[in-house]
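Peer 1: with the sequence up front, the predicted model follows.
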Number of protein chains: 2
Amino acid sequence: MSILVVGSVAFDTLKTPYGERQKILGGAATYFSLSASYFTDVRVIAVVGEDFTAENEAVMTSRGVDTRGIQHAKGKTFHWSGEYGENVNEARTLNTELNVFESFQPQIPAEYNDSDFLFLANIDPVLQTRVRDAMQNVKLVGGDTMNFWISGHREKLGEMLKRVDVLLINDTEARMLAGDSSLPRAARKVLELGPRALVVKHGEYGATIFFRDGEFAGGHHPFRAPALPLDEVRDPTGAGDSFAGGFMGYIASQGEVSRRVLKHAMFYGSVMGSFSVERFGTERLQALTREEIDKRFEVFRELTHLD
Amino acid sequence: MSILVVGSVAFDTLKTPYGERQKILGGAATYFSLSASYFTDVRVIAVVGEDFTAENEAVMTSRGVDTRGIQHAKGKTFHWSGEYGENVNEARTLNTELNVFESFQPQIPAEYNDSDFLFLANIDPVLQTRVRDAMQNVKLVGGDTMNFWISGHREKLGEMLKRVDVLLINDTEARMLAGDSSLPRAARKVLELGPRALVVKHGEYGATIFFRDGEFAGGHHPFRAPALPLDEVRDPTGAGDSFAGGFMGYIASQGEVSRRVLKHAMFYGSVMGSFSVERFGTERLQALTREEIDKRFEVFRELTHLD
């Protein structure tokens, strides 16, 4: 099965307690693609500028990612600068240069039309909605968003929410979107906006998936995946997108979308997030093996299972 | 098997987003005793004042708790006043009247000498150390402490830490005690101070137990129990002590202290914490059934187990 992701490819300049890096490859679609590439065929739609090199693109293609949907535009690639303090759950944005990303108009190559799954990474919900509507035959749509769209563009976001099956956001975003400080109550309210399931990411405490009543048959309880207690989170950038890549990639690899598959996908998402933050940028995601992934999956099981 | 707890019995005046209560029964030893009483025989050592009524004591005795170790002193009972905002993980203390608790000198009744397990709730570490040294034959000692002792009384606390098998504290306390913002690294540093295992409570995200290398045979991985995603946390007071009561109570009910028992104890701790916060004060802990507890245990399993 194949998965199509639309989102940002970017350069990141960042500083963490473990060091700093200048203009390294980043962006939600990049992290997502690399992470998902260990599970399934991945196709990416994004836009880059003239400073995006063949070497940058090779990071994706060498993992088998189909980059024919990456549009090359005049100007510079999206460039984010930020830093993390001791609390690695919070990024402080120093500078955001949207550059070519500002006028991004996703074009779907004909070769992508038969994609089985779709992930709408965090971009303007109007664009997310447009891509989603153009891909009517996918089996499942995952989506992400952020505080910017939640606080200032509710109507546009509402259209997008009606069109995603699984929304993946963090605690703060879920509470903001629902206007409710109780997470389970907030989850129920978000599910009323459209998604059949909601994945709320808790940073170092893992993530919880809430199901809308009656969806993905099998009980009404949520399911929680842990995060790995890591000694050193060197660079949290892309952790959420790596989670999404593992989550959606695993689902795509299974074909069917049952509750059992979604629960395992939560674990694989958390596994991929845990790898991602061990090194700066996409370094760790570029050179994993499926064996390492499955070994860590077993660590996650040991971390949570009684017997 | 029996468990002895030494700690505070108090009156709490508190306000949460769900209401307020004046001078209701509280205190670490109270929550602990009630919670543990569903698993094993419980004995309590504490001090109360003249305002502590027979009715108050009956809350414990009606659950079979042995209160012969509760000392009745001249003066008033320890009285804590506080409030919780929307973030129920943080209490704001409005007033602390130690009253008779200020000169608490724990006395161990002869009938308590054969106790099999010991829990040192949060009191002056000098007193914790004294009680622990007087109870040499217990199979396992659990202990709690707080920021006040961590920041200002390290030497006294150090003596106590050398004498507990399992320390139960929260994230902030663990990071403060270790002087390290990374939780797994902090856990390792705390374990070097004495405890064979460390339970770190994450509030609404559950709790993790870290093991010192080679202790409680069976792998070096930590183990994480979830918390129940609750719509309404009416009163978080005593959640940690209820957790400790379920955790230690379950261990005492099993007799042997294996890693398997400790993992199950983490779940029972979390289960009891989840009941405690559903109602104000000790209300919910006074009228549970073992059936309700085991049913919720299964919910916790469903919440975390893949198959």
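Peer 2: Here it is on my side, so go on.
Peer 1: how about the residues of chain A near chain B?
Peer 2: Contact residues, chain A versus chain B (C-beta under 8 Å from any C-beta of the partner chain): A:86-87, A:181-185, A:187, A:202, A:204-206, A:208, A:210, A:219, A:221-224, A:226, A:229-233, A:260, A:263-264, A:267, A:299, A:301-307. In this view, the C-beta of every residue, glycine as well, is placed from N, C-alpha and C.
Peer 1: ok, now with 7 Å
Peer 2: By C-beta under 7 Å from any C-beta of the partner chain, the residues of chain A that approach chain B are A:86, A:181-185, A:202, A:204-205, A:208, A:219, A:221-224, A:226, A:229-232, A:263-264, A:267, A:299, A:301-306.
Peer 1: can you select the buried ones from the residues you listed in ChimeraX?
Peer 2: The buried residues among the residues of chain A next to chain B can be selected in ChimeraX (16 or more other C-beta atoms under 10 Å in any protein chain shown) with this line:
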select /A:182,183,184,185,202,204,205,208,221,222,223,224,226,229,230,263,264,267,303,304
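Peer 1: tell me which of the residues of chain A next to chain B fall in helices.
Peer 2: A:183-185, A:263-264, A:267, A:299, A:301-304 (DSSP state H).
Peer 1: ok, so of those, who is nearest chain B?
Peer 2: Nearest to chain B among those: residue A:184, at 4.0 Å, using C-beta to the nearest C-beta.
Peer 1: quick one: the residue lying closest to the closest one once chain neighbours are set aside from residue A:187, how far?
Peer 2: Excluding its sequence neighbours, the residue lying closest to residue A:184 (C-beta to C-beta, 6 or more residues apart in numbering or on different chains) is residue B:229, at 4.0 Å. Distance, residue B:229 to residue A:187, by C-beta to C-beta, to the nearest Å: 8 Å.
Peer 1: for the stretch 151-300 of chain A, just list every one of the strands.
Peer 2: Counting by DSSP state E, counting those that start in this stretch, the stretch 151-300 of chain A has strands at residues A:166-170, A:197-201, A:207-211, A:223-225.
Peer 1: got those strands as TSV, with mean pLDDT columns?
Peer 2: Converted to TSV, those look like this (pLDDT from 0 to 100):
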stretch	mean pLDDT
strand A:166-170	97
strand A:197-201	97
strand A:207-211	97
strand A:223-225	97
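Peer 1: Throw those into a markdown table and include distance to residue A:67, thanks.
Peer 2: Output for the strands of the stretch 151-300 of chain A, formatted as a markdown table (distance: least, C-beta to C-beta, whole Å):
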| stretch | distance to residue A:67 |
| --- | --- |
| strand A:166-170 | 23 |
| strand A:197-201 | 26 |
| strand A:207-211 | 28 |
| strand A:223-225 | 30 |
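Peer 1: the residue nearest to residue A:184 reaches residue A:224, doesn't it?
Peer 2: No: with contact defined as C-beta atoms under 7 Å, residue B:229 does not count as touching residue A:224 (8.0 Å).
Peer 1: are there residues contacting both of these two? Which ones?
Peer 2: Shared contacts of residue B:229 and residue A:224, defined by C-beta atoms under 7 Å, 6 or more residues apart in numbering or on different chains, comprise residue A:208.
Peer 1: if we can go back for a sec, which residues touch the residue nearest to residue A:184?
Peer 2: Neighbouring residues of residue B:229 by C-beta under 7 Å, 6+ apart: A:183-184, A:208, A:222.
Peer 1: so for residue A:279, which of the strands of the stretch 151-300 of chain A sits nearest?
Peer 2: strand A:197-201 (19.9 Å; C-beta to C-beta).
Peer 1: just checking: what are the partner strands of that closest one?
Peer 2: Using DSSP bridges, the strands paired with strand A:197-201 are strand A:166-170 (parallel), strand A:207-211 (antiparallel).
Peer 1: how close does residue A:212 sit to residue A:142?
Peer 2: 15 Å.
Peer 1: likewise for residue A:4?
Peer 2: 11 Å.
Peer 1: likewise for residue A:107?
Peer 2: Applying C-beta to C-beta, the value for residue A:107 to residue A:142 is 21 Å.
Peer 1: likewise residue A:254?
Peer 2: From residue A:254 across to residue A:142, the span is 14 Å (C-beta to C-beta).
Peer 1: contact partners for the nearest residue to residue A:146 once chain neighbours are set aside?
Peer 2: What sits nearest to residue A:146 in space, not counting adjacent residues and going by C-beta to C-beta, 6+ apart, is residue A:122, at 5.0 Å. Counting by C-beta under 7 Å, 6+ apart, residue A:122 makes contact with A:7, A:28, A:144-146.
Peer 1: give the burial count for the closest residue to residue A:187 other than its chain neighbours, as a bare number.
Peer 2: The shortest distance from residue A:187 to any non-neighbouring residue, by C-beta to C-beta, 6+ apart, is to residue A:210 (3.9 Å). Using other C-beta atoms under 10 Å in any protein chain shown, residue A:210 has 23 neighbouring residues.
Peer 1: show me the contacts for residue A:210.
Peer 2: A:187, A:191, A:197-198, A:222.
Peer 1: just for the stretch 151-300 of chain A, where's the confidence low?
Peer 2: Along the stretch 151-300 of chain A, segments meeting pLDDT under 70 span A:218-219.
Peer 1: hang on, isn't residue A:296 packed against residue A:272?
Peer 2: No: using C-beta under 7 Å, residue A:296 is not in contact with residue A:272, being 9.0 Å away.
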